[in-house]
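Trainee: Sequence and predicted structure below; questions after.
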Amino acid sequence: MPSTAVTPGSPHRRSLFVCAEDTAESAAACEWALKHFYKEGDVVHMTYVVTCLTQRTEVFHGVVGGSYSLQQSVEAREENRLLAEARARLEERFLPLLRPKLVPYQLHLYAEREDVGLQRVAQLLLQDIEQRDPALVILSAHNKPGSEEGLGSVAEFISLNCHRPRAIVRPHAQGQ
């Protein structure tokens, strides 16, 4: 794992990576990381994949090189609306945890096609994890059926394929 160089007199800035979702479990995982792992100067990266894109309309002409991709303005407006709504929901859920402690954060939204599979979402998150070079990847367990660990499909895929330090935060016993 690459180390981060620290120059004298400058604060050490680590990255923490939260697989963000608009769920109580995801917020609890972030809260756990802030309480048990966060150090002043760390940057919290929250990444979420929004499934909202539709297939682009393509027009083909009989001329070589005469194919054009068109994005309908109505579709583009709808995608922008869905991205803005996702940003607002995530900020509503996470900012009350981050702002009181003045935690620097970055919210990363990735737009994918509506028919994208869970494995593709996990792959996008893994790519983003590698780009951010976090000291810790924070995942939330949802106690979903179908996996031995009680993780959701995306968290299970990341847990098995991520080569960075990970923390899997389980929901409270009260059934969250």
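Mentor: Yes, it's here. Numbering: from 1, shown residues only.
Trainee: Okay, buried residues for the longest strand seen in the chain please.
Mentor: Identified as the longest strand of the chain according to DSSP state E is strand 43-53. For strand 43-53, burial by neighbour count (16 or more other C-beta atoms under 10 Å) applies to 43-53. Placement of C-beta: from N, CA and C, glycine included.
Trainee: same thing with stretch 109-129?
Mentor: 109-110, 116, 121-126, 128-129.
Trainee: Helices along the protein, start to end?
Mentor: Remark: helices assigned in the chain by DSSP state H are 24-36, 73-98, 118-132, 153-161.
Trainee: Off-centre distance for the second one?
Mentor: What it means is helix 73-98. Taking C-alpha atoms, centre = their mean, to the nearest Å, one finds helix 73-98 lying 13 Å from the centre of the chain it belongs to.
Trainee: Over to the last one?
Mentor: The offset between the C-alpha centroid of helix 153-161 and the centroid of the whole chain comes to 13 Å, using C-alpha atoms, centre = their mean.
Trainee: How about stretch 34-46?
Mentor: That offset, for stretch 34-46, works out to 15 Å (C-alpha atoms, centre = their mean).
Trainee: tell me, what residue is most central in this structure?
Mentor: residue 47 (2.1 Å; C-alpha atoms, centre = their mean).
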